[in-house]
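Visitor: Dropping the sequence and predicted coords here.
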Number of protein chains: 2
Amino acid sequence: MDDFEVACKGLGHALNIREKYMRLALQRFPQTTSQYLREIDGEKWNPEDLVQPVFTSPPKQGEDPFNTKSLASDAGYVARMRDGVIYVYKDAADADKHKPLNLPAPDYTTFIDDMNFLIALIAQGPTKTYSHRRLKFLMSKFNVHEMLNEMEEMKELKKNPHRDFYNCRKVDTHIHAAACMNQKHLLRFIKKSYRVDADRVVHNIKGKDITLKDLFASLNLHPYDLTVDSLDVHAGRQTFQRFDKFNAKYNPVGASELRDLYLKTENHIGGEYFATIIKEVASDLEDAKYQYAEPRLSIYGCNPSEWTKLSSWFNKNRVFSPNLKWMIQVPRIYDIFRARDFVPHFGKMLENIFMPIFQATIDPQSNPELSIFLQHVTGFDSVDDESKHSGHMFSTKSPKPNKWDIVKNPSYTYYIYYMYANIAMLNQLRKERGMNTFLFRPHCGEAGAITHLLACFMTADNISHGLNLKKSPVLQYLYFLTQIPIAMSPLSNNSLFLEYNKNPLLEFHKKGLVVSLSTDDPMQFHYTKEPLMEEYAIAAQVFKLSTCDMCEISRNSVIQSGLSHEEKVHFLGTNYLKEGPEGNDIRKTNVAQIRMAYRYETLCYELDLIKQGVKGD
Amino acid sequence: MDDFEVACKGLGHALNIREKYMRLALQRFPQTTSQYLREIDGEKWNPEDLVQPVFTSPPKQGEDPFNTKSLASDAGYVARMRDGVIYVYKDAADADKHKPLNLPAPDYTTFIDDMNFLIALIAQGPTKTYSHRRLKFLMSKFNVHEMLNEMEEMKELKKNPHRDFYNCRKVDTHIHAAACMNQKHLLRFIKKSYRVDADRVVHNIKGKDITLKDLFASLNLHPYDLTVDSLDVHAGRQTFQRFDKFNAKYNPVGASELRDLYLKTENHIGGEYFATIIKEVASDLEDAKYQYAEPRLSIYGCNPSEWTKLSSWFNKNRVFSPNLKWMIQVPRIYDIFRARDFVPHFGKMLENIFMPIFQATIDPQSNPELSIFLQHVTGFDSVDDESKHSGHMFSTKSPKPNKWDIVKNPSYTYYIYYMYANIAMLNQLRKERGMNTFLFRPHCGEAGAITHLLACFMTADNISHGLNLKKSPVLQYLYFLTQIPIAMSPLSNNSLFLEYNKNPLLEFHKKGLVVSLSTDDPMQFHYTKEPLMEEYAIAAQVFKLSTCDMCEISRNSVIQSGLSHEEKVHFLGTNYLKEGPEGNDIRKTNVAQIRMAYRYETLCYELDLIKQGVKGD
């Protein structure tokens, strides 16, 4: 075999691996790539193989999104965790015999094999050279495209009536709920709450009621004097390369009491302030009309009651907005919980995270508030500082979750695998039950080892950050070939990991990776009242993006997001599921057909090369 | 003499030159520098030598800014232009004998001598080396200051109650009225005007009335379909290094008819739309409360009636806002007017520009609308593409303005000198009459020869852009020593002349030059609803500015601006005219005293070195 053939065979196999795991978890895989893979295998492509996640449609006029009446009845199934993965059984007897329902589970050994194959592939000389050359070619090709067609693209957009960058839909694909307001907004909110609620009991220490007034008095400050400087939640030069310092910025005035009161769902006032702030942010988005956001709320896995509390907060405060799609973030901090003896082993943490959802899926009426909340959840995120090295390597020899009882944190890949496996099982169950499914959308490649990006290539529908794709040509090329959406936040990176003008966003975009723009934490990074617009404006200025670029990125954000099929049809056009120019409705997206054709032809050309390589033509 | 002495003597003399011309025109010169100059000369510094411009105070509660009742009576003077400069005489008899009032005029020959001295100085080896070394030192010194004191500065700001970056005053020191709204705002305005006014007659061609409907029909477009893309007023990649293409962007949809209708003060509807848009921008600023702007309106000098028309527009439409301070911009396009035979010679253009103001100053009642308008004008700007080379060199041999009748445009310096000379005469007259005075604040150093920066060192109170100070260490050092404010617009530069991350703003700021941030043309460059905040946000992100940096830049902008003494006292504190930490009220400015002390000591140290050099110590 010559180098070309070696590289193409390896890449082709890698694509097959991703396709398999996407299908298993009801996540997306591009149709174009899939068709080429079938051609390579000499099989017929079946449009029915196309898997699509299911998201809850927005409530119809007059419909109450909190109405529990239409919840499904009890399926009577039994869910049990086995080696860190939850299986569903017809009944307890089947469960005892481990005869699960016919919901295909990922196979642990195969997964490790596949992973090891990919680890070898991304280090393999011929594949590295080939990927590097193709990426270089993709870059030059886009530059040529730009020089030749920029004016033509612009002409198309100018002729496109009524639609421009301002009124094409954009989704903030990566934002943490606890930092979704900007610093000025939080400051105003705190001041207002004090004006209105000074005598309200907001805390209770050892049986003693603490009013808002007492609380501020104990911190030795008066909200009138509070400024964004003393609030001190903005990331400054001090946070660069210091994720620990950055995390501390979540505490207003450095006081965790204020974080608890204003930015948490669980506290003495039932998370009322936090709900109100979020609803204010949502109301601003509704006013702006064309902006959506996907805020993340935390589930830690310390306790199985977390879900009940969180969904109770969601329902009681009626935290719903058509412009918000919810995500659940799970911090990778087992080591902290284990050290404090909150959990006996890693398996328990996984069980705390996933078992309540399985149960609510099996019998929605058993926890109606959670069932309602889950209808509005569109995916899972995995979060924490990726630059922390774990020292553990995921392999067949790794202890199973229920045996992982040491204080040491397992590796990123270990976390990712078990989250993925449970989400896969859960999605199959929910699909069977006619419910919405979840996407796995972890933070990945913000820092740390490139194996993170490899794990997510196998498991994630799409990722946040992806900066480290810079460091692996093979993975970068694979992310291109499989069109994995990447929510990038260059302003966040600028404060934490990478200076703005070194951000690879422009490079990725030019090469044809599917990038979107997101804010991550407006509280810490942004200055203006419209953080998402600030993010776009700065990218447009520093990277000199054209209108077509910006509208393409906006379109990517809608595709990447958990907006429902109905909404996507409304925002992108009826054919949005089709790939290439056919799937684009310029009247809705303001993306030039010339650009769409360029992207499509470019992808096909690269896939075709691989086909030739594999077939040895 | 050794090199050090040579350099210091040259620099000392240069400082004296600027001080002389500033005083003559009632413009500002820093007290600290002035005191050192007196010490060098062995003279006593007299605080009464301190010259301050006079700006109209904001109207008191219930006072009408358009009230003409309190206008001064006729002084009976006669004004006449002589060699391009307007002199004022007691009466016609004195005018005939050229016996002007005792208002000191700049001497043409001395000015040329001074200029030639400076031209030699900025090319002189020892002075270049010395300035370069001092600037390098200033840079390193600031870096050390930052490393040592950053946390201390932040601590001061955190302790400062109620004041933060958001509520310290900032002035958009450089903005063109015709582009002061953002593209989206203009678009919305056009659409709204069509909904309300479709049948209104907005134009008249050869006796035929044209309605708004007709106008858009003739352009073959319907405002409903209009988008920011088809509006096409935003600077894109196409405008980089193409000032001509940039200027064409002032025409919405490329149609000068729409520019005339929406962005001009003179048209069939008396500039009503333009006035309304500006008042909307002003109302946004008033709502934001802490933001001010200094929009420029054009006077071309084609016709002496321009002033009457412009002031009539201002009064009729009541275009007044406490958050706007007006400036007059004079484009340097004599060549175009001469080619079309609009003016017989350059002198006539100068007369058209300045004579009406002299007349309104002598007898305000003769043109009450102009007299009122002039109360709200705070300065003059000189505008056009600086990169156009004129081929002319200003010298004693240059033809006098009334002899300059060729089609060729005179040089930048020639324009600047005659504008300066007339403003100097005018300010003296207005001061004598108890009226507000004007600052000369030209565009300078955006492109073109460094002699532009030299001319403005002699004549301008402060400048816009100043990018080319990068190219001349001597001038850069002189701008530092004389603390000449520079309104910088890195977003504008990014689209026209210099990529964002190459902008010298950060470097200048670190070295201690007095920089402010301004938007130039929000219509062409900005994306969000708050262009000035966008400008600050991007600078903060790309340059990683600290809060103290941002507040210092905001403070600079207030100082640079034409805000009245009363307003400056209110925004900066009672002692704002004092230099150094004494002049700073942290409660109002949120600038750390540590920073102020650093700046003051640094300036004094440099001036002291020059003193030592000159005295040969």
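Guide: Now that the structure is in, tell me what you want to look at.
Visitor: Low-confidence ranges, the stretch 501-617 of chain A, go.
Guide: A:617 (pLDDT under 70).
Visitor: Can you give me the distance of the closest residue to residue A:130 other than its chain neighbours to chain B?
Guide: Leaving out its chain neighbours, the residue that sits closest to residue A:130 by C-beta to C-beta, 6 or more residues apart in numbering or on different chains is residue A:7, at 3.6 Å. (C-beta placed from N, C-alpha, C; glycine too.) Applying C-beta to the nearest C-beta, to the nearest Å, the value for residue A:7 to chain B is 35 Å.
Visitor: and residue A:7, what element?
Guide: Per DSSP states H and E, residue A:7 falls inside helix A:3-24.
Visitor: Can you name the next helix or strand after that helix?
Guide: Following helix A:3-24 in sequence order, the next helix or strand is helix A:31-41 (DSSP H and E).
Visitor: Specify the angle between that next one and helix A:3-24 in degrees.
Guide: With axes from the mean of the first three to the mean of the last three C-alpha atoms, to 10 degrees defining the directions, helix A:31-41 sits at 120 degrees from helix A:3-24.
Visitor: Report the rounded mean pLDDT for helix A:31-41.
Guide: For helix A:31-41, mean pLDDT rounds to 96.
Visitor: distance between it and the chain's centre?
Guide: Distance, stretch centre to chain centre, for helix A:31-41: 26 Å (C-alpha atoms, centre = their mean, to the nearest Å).
Visitor: Need the residues that contact that helix.
Guide: With C-beta atoms under 8 Å, 6 or more residues apart in numbering or on different chains as the test, helix A:31-41 has contacts from A:12, A:15-16, A:19, A:44-45, A:49-50, A:481-483, A:578-580, A:600, A:603-604, A:607-608, A:610-611, A:614-615.
Visitor: what's the neighbour count on the nearest residue to residue A:467 once chain neighbours are set aside?
Guide: Spatial nearest neighbour of residue A:467, chain neighbours left out: residue A:445 (5.5 Å); criterion: C-beta to C-beta, 6+ apart. Burial of residue A:445 is recorded as 27 neighbouring residues (other C-beta atoms under 10 Å in any protein chain shown).
Visitor: buried ones in the helix holding residue A:7?
Guide: Using 16 or more other C-beta atoms under 10 Å in any protein chain shown as the test for burial, helix A:3-24 gives A:4-12, A:14-15, A:17-24.
Visitor: same thing with stretch A:353-368?
Guide: By neighbour count on 16+ other C-beta under 10 Å, the buried set for stretch A:353-368 is A:353-364, A:367-368.
Visitor: Redo the residues you listed as TSV? Include distance to residue B:510, secondary structure and pLDDT.
Guide: Converted to TSV, the buried residues of stretch A:353-368 look like this (distance: C-beta to C-beta, whole Å; DSSP: H, G, I helix; E, B strand; the rest coil; pLDDT from 0 to 100):
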residue	distance to residue B:510	secondary structure	pLDDT
A:353	49	helix	98
A:354	53	helix	98
A:355	57	helix	98
A:356	55	helix	98
A:357	54	helix	98
A:358	58	helix	98
A:359	60	helix	98
A:360	58	helix	98
A:361	59	helix	98
A:362	64	helix	98
A:363	65	coil	97
A:364	62	helix	97
A:367	59	coil	97
A:368	60	helix	97
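Visitor: Make JSON lines from those and add distance to residue B:310 to it.
Guide: As requested, the buried residues of stretch A:353-368 are exported to JSON lines (distance: C-beta to C-beta, whole Å):
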{"residue": "A:353", "distance to residue B:310": "69"}
{"residue": "A:354", "distance to residue B:310": "71"}
{"residue": "A:355", "distance to residue B:310": "75"}
{"residue": "A:356", "distance to residue B:310": "71"}
{"residue": "A:357", "distance to residue B:310": "69"}
{"residue": "A:358", "distance to residue B:310": "74"}
{"residue": "A:359", "distance to residue B:310": "75"}
{"residue": "A:360", "distance to residue B:310": "70"}
{"residue": "A:361", "distance to residue B:310": "71"}
{"residue": "A:362", "distance to residue B:310": "77"}
{"residue": "A:363", "distance to residue B:310": "76"}
{"residue": "A:364", "distance to residue B:310": "71"}
{"residue": "A:367", "distance to residue B:310": "71"}
{"residue": "A:368", "distance to residue B:310": "69"}
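Visitor: Let's have those in TSV, adding distance to chain B.
Guide: Formatted as TSV, these follow (distance: C-beta to the nearest C-beta, whole Å):
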residue	distance to chain B
A:353	36
A:354	39
A:355	43
A:356	41
A:357	39
A:358	44
A:359	45
A:360	42
A:361	43
A:362	48
A:363	48
A:364	43
A:367	43
A:368	42
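Visitor: Out of these, the closest to residue A:92 would be?
Guide: Comparing the buried residues of stretch A:353-368 against residue A:92 with C-beta to C-beta picks out residue A:362 as the nearest, at 12.6 Å.
Visitor: Now do the nearest residue to the closest one once chain neighbours are set aside against chain B, distance only.
Guide: Leaving out its chain neighbours, the residue that sits closest to residue A:362 by C-beta to C-beta, 6+ apart is residue A:77, at 4.5 Å. Separation of residue A:77 from chain B (C-beta to the nearest C-beta): 51 Å.
Visitor: Can you tell me which residues in the stretch 451-600 of chain A are near chain B?
Guide: Counting by C-beta under 8 Å from any C-beta of the partner chain, the stretch 451-600 of chain A comes close to chain B at A:491, A:494, A:500-501, A:526-530, A:533-534, A:536-538, A:540-542, A:544, A:546-547, A:590.
Visitor: Buried only: go through those for me.
Guide: Using 16+ other C-beta under 10 Å as the burial test, these include A:491, A:494, A:500, A:526-530, A:533-534, A:536-538, A:540-542, A:544, A:546-547, A:590 as buried.
Visitor: how about residue A:498, what does it touch?
Guide: A:467, A:490.
Visitor: Kindly report the same for residue A:525.
Guide: Going by C-beta under 8 Å, 6+ apart, residue A:525 touches A:234, A:235, A:489, A:491, A:492, A:494, A:495, A:519, A:531.
Visitor: One more: residue A:232?
Guide: A:249, A:252, A:253, A:254, B:158.
Visitor: Just the buried ones from these, in PyMOL syntax?
Guide: Command for PyMOL that selects the buried part of the contacts of residue A:232, burial taken from 16+ other C-beta under 10 Å:
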select buried, (chain A and resi 249+252+253) or (chain B and resi 158)
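Visitor: ok so, going back, greatest separation within the contacts of residue A:525: which pair is it?
Guide: Farthest pair in the contacts of residue A:525 (C-beta to C-beta) is A:234 and A:489. Separation: 15.3 Å.
Visitor: Residue nearest the middle of chain A, spatially speaking?
Guide: By C-alpha atoms, centre = their mean, the mean C-alpha position of chain A lies nearest to residue A:441, the distance being 3.2 Å.
Visitor: is it true that it touches residue A:377?
Guide: No: with contacts counted by C-beta atoms under 8 Å, residue A:441 stays clear of residue A:377, the gap being 11.6 Å.
Visitor: which residues do the two both contact?
Guide: Overlap of the contact sets of residue A:441 and residue A:377 (by C-beta under 8 Å, 6+ apart) consists of residue A:327.
Visitor: just for chain A, where's the confidence low?
Guide: A:617.
Visitor: at 90 what do you get?
Guide: Within chain A, the stretches with pLDDT under 90 are A:1, A:46-50, A:70, A:205, A:221, A:236-249, A:388-392, A:615-617.
Visitor: give me the beta-bridge partners of the spatially most distant residue from the centre of it?
Guide: Going by C-alpha atoms, centre = their mean, the residue of chain A most distant from its centre is residue A:208, 41.1 Å out. Residue A:208 has these beta-bridge partners by DSSP bridges: residue A:205.
Visitor: which residues in chain A form strands?
Guide: Along chain A, counting by DSSP state E, strands occupy A:78-82, A:85-89, A:170-176, A:201-205, A:208-211, A:291-298, A:326-331, A:377-383, A:439-440, A:443-444, A:463-465, A:486-488, A:515-517.
Visitor: Kindly present these as JSON lines, with separate columns for distance to residue A:65.
Guide: Output for these, formatted as JSON lines (distance: least, C-beta to C-beta, whole Å):
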{"stretch": "strand A:78-82", "distance to residue A:65": "26"}
{"stretch": "strand A:85-89", "distance to residue A:65": "27"}
{"stretch": "strand A:170-176", "distance to residue A:65": "19"}
{"stretch": "strand A:201-205", "distance to residue A:65": "28"}
{"stretch": "strand A:208-211", "distance to residue A:65": "34"}
{"stretch": "strand A:291-298", "distance to residue A:65": "16"}
{"stretch": "strand A:326-331", "distance to residue A:65": "12"}
{"stretch": "strand A:377-383", "distance to residue A:65": "13"}
{"stretch": "strand A:439-440", "distance to residue A:65": "20"}
{"stretch": "strand A:443-444", "distance to residue A:65": "28"}
{"stretch": "strand A:463-465", "distance to residue A:65": "26"}
{"stretch": "strand A:486-488", "distance to residue A:65": "25"}
{"stretch": "strand A:515-517", "distance to residue A:65": "26"}
